[in-house]
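K.L.:
I'd like to go over a predicted model; first the sequence, then the structure.
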Amino acid sequence: MSKSKLMSNFFKVFGAAVTAVFLSSCLKTGTNNAATNNSNISFVTLMNMAPYSSATEVYFNGDKKTPAIPPGSFSTNYGQVTPGSYDIKFKVASSDSVLSELPASYYDSLGFYTLILYNPSASSAVNSIKVVDDFSSLSMTGANYRFFNLCPDYPMVDLYMNATKVQPGRTTGDNANSSYFNTFAPVTAGGYAIQAKKAGTDSVIATISSVGLQMGNAYTIFLQGSTHNTNNPVTLSILQAAY
């Protein structure tokens, strides 16, 4: 397991270890997942995309629930959380210094959420986002994707799939202010070359040379890292939703 991916059993909440089942077909939501017998569960995943910050530990209502999560790390699977209202603090690892805080909000039964820590710019403070992941309207006849620009060194980018511009002028952390960017868009299933370019130019920032997007699956494509951090360089990554 590379540094950029958190081991799924790192994320434990209220003493219950994550159950991580990577789905080879579509991600099944709680309403139609036969493997989930207990409906009293919320699903949460974490992304530390703040390259101009330190490793973080995550606190739920004052209780530490993760080990140190270095910048550039993300969970490949959702973890299980007891539904309820949580104030979430991201603290500097081994410190009581708060990097960012998500005010108390409710996490529903069978709801899916992505918590993101990011730098809006190289000189900015750390921000955090709670994303509601809605899988209720996924295309079952095609693949589904969304794109996050989480790279502070490229404040505006265009996303290309097989040389076609599909996401123009995406700014760093714009999904924090528009839920539209958190929704999944349908795309024909198949093989893709994916590129992030400086907006309005043909200057390539990062590339995924070849990836297969499968029918019924949900994928998050994201630009991360920093031009000034050799341990967390600028990369384009793709994450298939799984729990």
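P.N.:
Cool, the structure landed. The structure presented is a predicted model; accordingly, all values stated were derived computationally and were not measured.
K.L.:
Leaving aside the residues adjacent along the chain, what's closest to residue 167?
P.N.:
Counting by Cβ to Cβ, 6 or more residues apart in numbering, residue 167 lies nearest to residue 159, which is 3.7 Å off, once chain neighbours are set aside. C-beta here means a position set from N, CA and C on the backbone, and glycine is covered the same way.
K.L.:
Verify the contact between residue 172 and residue 148 for me.
P.N.:
No. Taking contacts as Cβ atoms under 8 Å, residue 172 lies outside contact range of residue 148: 9.3 Å.
K.L.:
Which of those two has more residues huddled nearby?
P.N.:
When residue 172 is set against residue 148 and neighbours are counted by other Cβ atoms under 10 Å, the residue ahead is residue 148, at 28 against 24.
K.L.:
Do I have it right that the more buried one meets residue 236?
P.N.:
No. Between residue 148 and residue 236 there is no contact, the gap being 10.8 Å when judged by Cβ under 8 Å.
K.L.:
shared neighbours of those two, which are they?
P.N.:
By Cβ atoms under 8 Å, 6 or more residues apart in numbering, residue 148 and residue 236 have these common neighbours: 221, 222, 223.
K.L.:
packing partners for the helix or strand hosting the first one?
P.N.:
The secondary structure element spanning residue 221 is strand 218-224 (assigned by DSSP states H and E). For strand 218-224, the helices and strands in contact under the criterion 3 or more Cβ pairs under 8 Å, 6 or more residues apart in numbering; DSSP states H and E are strand 42-49, strand 143-149, strand 204-213, strand 235-240.
K.L.:
picking up where we left off before, beta partners for the residue nearest to residue 167?
P.N.:
Residue 159 has the following beta-bridge partners by DSSP bridges: residue 167, residue 196.
K.L.:
Next one: it from residue 209, what distance?
P.N.:
15 Å (Cβ to Cβ, to the nearest Å).
K.L.:
ditto for residue 91
P.N.:
38 Å.
K.L.:
Compare the two (neighbour count), which wins?
P.N.:
Here residue 91 and residue 209 are compared on neighbour count by other Cβ under 10 Å; more neighbours surround residue 91, at 20 against 8.
K.L.:
Who is the more buried one paired with across the strands?
P.N.:
When residue 91 is checked against DSSP bridges, its beta-bridge partners turn out to be residue 57, residue 98.
K.L.:
doesn't residue 60 make contact with it?
P.N.:
No. Proximity of residue 91 to residue 60 does not meet the contact threshold set by Cβ under 8 Å, at 11.8 Å.
K.L.:
which residues do these two both contact?
P.N.:
If you check residue 91 and residue 60 against Cβ under 8 Å, 6+ apart, no residue is contacted by both.
K.L.:
hmm, back to that, count the residues that sit near the residue nearest to residue 167.
P.N.:
By the measure other Cβ under 10 Å, the count of residues near residue 159 is 22.
K.L.:
State the distance from it to residue 67.
P.N.:
Between residue 159 and residue 67 the distance is 32 Å, computed by Cβ to Cβ.
K.L.:
next one: residue 100
P.N.:
Taking Cβ to Cβ, one finds residue 100 at 18 Å from residue 67.
K.L.:
ok, these two, which is more surrounded?
P.N.:
Counted by other Cβ under 10 Å, residue 100 and residue 67 do not tie: residue 100 has more neighbours, with 19 against 14.
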